[in-house]
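S.K.: this one's sequence-less:
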C-alpha cells in the first residue's frame with residue numbers, strides 16, 4: 001500500500017518535472033527569437049499604405065508612406081524601418097529627402113543602398129527609419145502620411161515603371177506589400193522581393209534624438225523648385241534688390257550637385273554669370289526664410305573659387321556667407337559677414353576675405369577686417385557670438401573679433417550668395433560659383449569647429465540629412 005503511494009508520488013513528481021522542463025524549454029526557445037513575430041503569423045504588427053501621383057517616367061519619385069500599428073501593443077518608432085524598392089539600371093547615385101510629415105522631418109533617417117540579394121526591380125532600396133525623438137505608435141494609431149522624394153544625384157529622369165514598390169495606379173493610400181516593414185530587424189509586413197526568407201535587417205543601434213537648439217542641413221534637394229526647401233525653411237532668391245548688379249537675382253543659379261564626399265552626398269551650389277552687361281548678368285543667393293539665428297555658433301563647410309568655371313578671369317565677384325536682419329531699416333539691425341573676393345573689388349586687389357560686423361546698414365556703421373588670403377577650395381567657416389563677442393574663424397584659425405556694440409541685437413537669417421561687385425568688362429559670358437557642403441548651427445553657446453564636424457559626421461552615419469530643433473520648431 002505504502003509502496004503504491006510512493007510510486008504514485010514518484011510518477012506525479014516526474015510528470016511535474018517534465019512539464020516544468022517543457023515550459024522552460026519553451027521559454028528558452030522563445031527567448032532565441034524576437035518579441036515580434038515575423039510576417040505571416042497571425043495579424044501583422046504593422047500595415048504599410050502607399051500612394052503616388054507620379055508617372056512611370058519622372059524627374060523625381062514621390063512615394064508617400066503611412067504606417068499603421070495593427071498589433072495590440074505600443075511600437076517604438078525608433079525600432080521600425082521601411083524599405084521602398086527600386087531598380088538602378090546604370091549604377092547612378094541616388095539620394096532622397098523628406099517633404100512633409102506630421103512627425104517632423106528631423107526625426108527621419110533616410111538611406112539609399114544596394115540590396116544584398118538583388119531581385120528584378122529591386123536591386124536597391126530607400127530605407128526609412130526614425131530617431132529616438134520620433135516617439136511611439138499606440139495600437140490602432142497611424143503615423144499619417146510621410147511624404148518622400150527619391151531622385152538621381154545627377155538629376156536625370158527616372159524610369160520607375162519596373163521599380164518593385166512603384167504603382168502608378170495607387171493614387172490614394174492603398175495597402176502595399178511591396179514596401180516592407182521591420183521591427184527590430186524582423187520583417188513584420190510586406191513580401192520579400194526575392195520570394196525567400198532573407199537575413200533579418202538587424203539594427204546595430206537606435207539613431208539618437210538630435211540635440212536641442214540645433215539647425216543642420218546636408219543640402220539633399222532636387223533643385224530650386226524642390227517643395228522640401230520651403231518645408232525646411234529655405235528659399236532660392238529671385239527678383240529685385242542688391243547688392244551688386246541690381247535686380248539680377250535668379251533661382252536658376254541654385255543647384256544641388258554631388259559634393260566633395262561623393263557617393264550620393266550633395267552640396268548647395270550658387271552660380272553667377274555675366275557678359276559685362278546688366279541685362280546679361282544673373283546672381284545667385286540661397287537663404288533662410290525666417291530669422292532664427294542670433295547668439296551661438298554657426299559653422300559651414302564652404303568651397304570658394306579663385307577662377308571662373310567657364311569664360312575669362314578678371315571679374316570682381318564676391319562669394320559670401322552671412323547672417324542678416326530681414327529689415328535693413330530695423331532699429332536693431334544686425335549683420336555678420338564673410339565676403340571672399342578672389343579678384344578684389346572696391347579699389348583693392350585680391351584675393352581677400354573680409355570679415356564684418358554691422359550695426360546699421362543705413363548709416364554704414366560697422367567694424368571690419370580684411371585678410372589677404374587665398375582660399376580656393378574647401379574650408380570650414382565659423383561665426384561665434386556669445387557673451388557680447390563675435391569671433392570669425394576659418395579652418396580653426398581665429399581671424400577677427402568684434403565687441404558687443406556690433407553684436408546681434410535681433411534674430412537674423414542665414415544666407416549664401418555669389419554676386420558681382422561691378423561689371424568689370426564686357427565680352428563672352430563667364431560663370432562663377434561657390435558650394436556649401438553642410439550647415440550646422442548651435443544656438444546660444446560656443447562649440448568648436450571640431451565638435452560641429454563630429455556632430456555632422458554622426459548625422460551622416462545615422463542617415464539624418466536635416467535637423468531643426470530650434471525653439472518654436
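M.R.: Yep, that arrived. Keep in mind that this is a model prediction, so the values were computed, not measured.

S.K.: From here on, just use CA atoms for contacts and neighbour counts.
M.R.: Will do.

S.K.: What ranges does the stretch 201-350 of the chain have for its strands?
M.R.: Applying DSSP state E, counting those that start in this stretch to the stretch 201-350 of the chain gives strands spanning 214-217, 234-236, 254-255, 268-274, 284-288, 296-304, 317-324, 335-341.

S.K.: Any chance of those in JSON lines with mean neighbour count, mean pLDDT and distance to residue 150 as columns?
M.R.: Shown next, in JSON lines, are the strands of the stretch 201-350 of the chain (neighbours: other C-alpha atoms under 10 Å; pLDDT from 0 to 100; distance: least, C-alpha to C-alpha, whole Å):
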{"stretch": "strand 214-217", "mean neighbour count": "21", "mean pLDDT": "98", "distance to residue 150": "17"}
{"stretch": "strand 234-236", "mean neighbour count": "23", "mean pLDDT": "98", "distance to residue 150": "19"}
{"stretch": "strand 254-255", "mean neighbour count": "24", "mean pLDDT": "98", "distance to residue 150": "16"}
{"stretch": "strand 268-274", "mean neighbour count": "26", "mean pLDDT": "98", "distance to residue 150": "18"}
{"stretch": "strand 284-288", "mean neighbour count": "23", "mean pLDDT": "98", "distance to residue 150": "22"}
{"stretch": "strand 296-304", "mean neighbour count": "23", "mean pLDDT": "98", "distance to residue 150": "25"}
{"stretch": "strand 317-324", "mean neighbour count": "25", "mean pLDDT": "98", "distance to residue 150": "29"}
{"stretch": "strand 335-341", "mean neighbour count": "25", "mean pLDDT": "98", "distance to residue 150": "34"}
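
S.K.: List the contacts of residue 342.
M.R.: Residue 342 sits next to 305-307, 316-318, 350-352, 374 when contact means C-alpha atoms under 8 Å, 6 or more residues apart in numbering.

S.K.: do that again at 10 Å, thanks
M.R.: Applying C-alpha atoms under 10 Å, 6 or more residues apart in numbering, we find residue 342 in contact with 304-307, 314-319, 349-353, 372-376.

S.K.: Restricted to buried residues, select those residues in PyMOL.
M.R.: In PyMOL syntax, the buried subset of the contacts of residue 342 is picked out as below (16 or more other C-alpha atoms under 10 Å):
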select buried, resi 304+305+306+307+315+316+317+318+319+350+351+352+353+374+375
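
S.K.: With residue 155 as the reference, measure out to residue 119.
M.R.: Using C-alpha to C-alpha, to the nearest Å, residue 119 is found at 25 Å from residue 155.

S.K.: ignore the last one, residue 233
M.R.: Distance, residue 233 to residue 155, using C-alpha to C-alpha: 22 Å.

S.K.: again, but for residue 238
M.R.: Going from residue 238 to residue 155 by C-alpha to C-alpha gives 22 Å.

S.K.: next one: residue 440
M.R.: Counting by C-alpha to C-alpha, the gap from residue 440 to residue 155 is 25 Å.

S.K.: between those two, who's got more neighbours?
M.R.: residue 440 (23 against 18; other C-alpha atoms under 10 Å).

S.K.: Could I get the phi/psi values of that one?
M.R.: Main-chain dihedrals, residue 440, degrees, to the nearest 10: phi -140, psi 130.

S.K.: what's the spacing between the residue nearest to it when sequence neighbours are not counted and residue 73?
M.R.: Once flanking residues are discounted, residue 440 sits nearest to residue 216: 4.5 Å by C-alpha to C-alpha, 6 or more residues apart in numbering. Computed as C-alpha to C-alpha, the residue 216 to residue 73 distance reads 34 Å.

S.K.: Domains in the chain, by residue range?
M.R.: Following automatic domain parsing, one finds the domains of the chain at 46-189, 214-468.

S.K.: The shortest one: end-to-end distance?
M.R.: Distance across domain 46-189, first residue to last, is 6 Å (C-alpha to C-alpha).

S.K.: Let me see the ranges of the strands in the stretch 51-200 of the chain.
M.R.: So, for the stretch 51-200 of the chain - with DSSP E, counting those that start in this stretch - the strands run 57-58, 64-69, 75-76, 80-86, 94-101, 108-119, 122-130, 136-137, 146-152, 158-159, 174-175, 179-183, 186-189.
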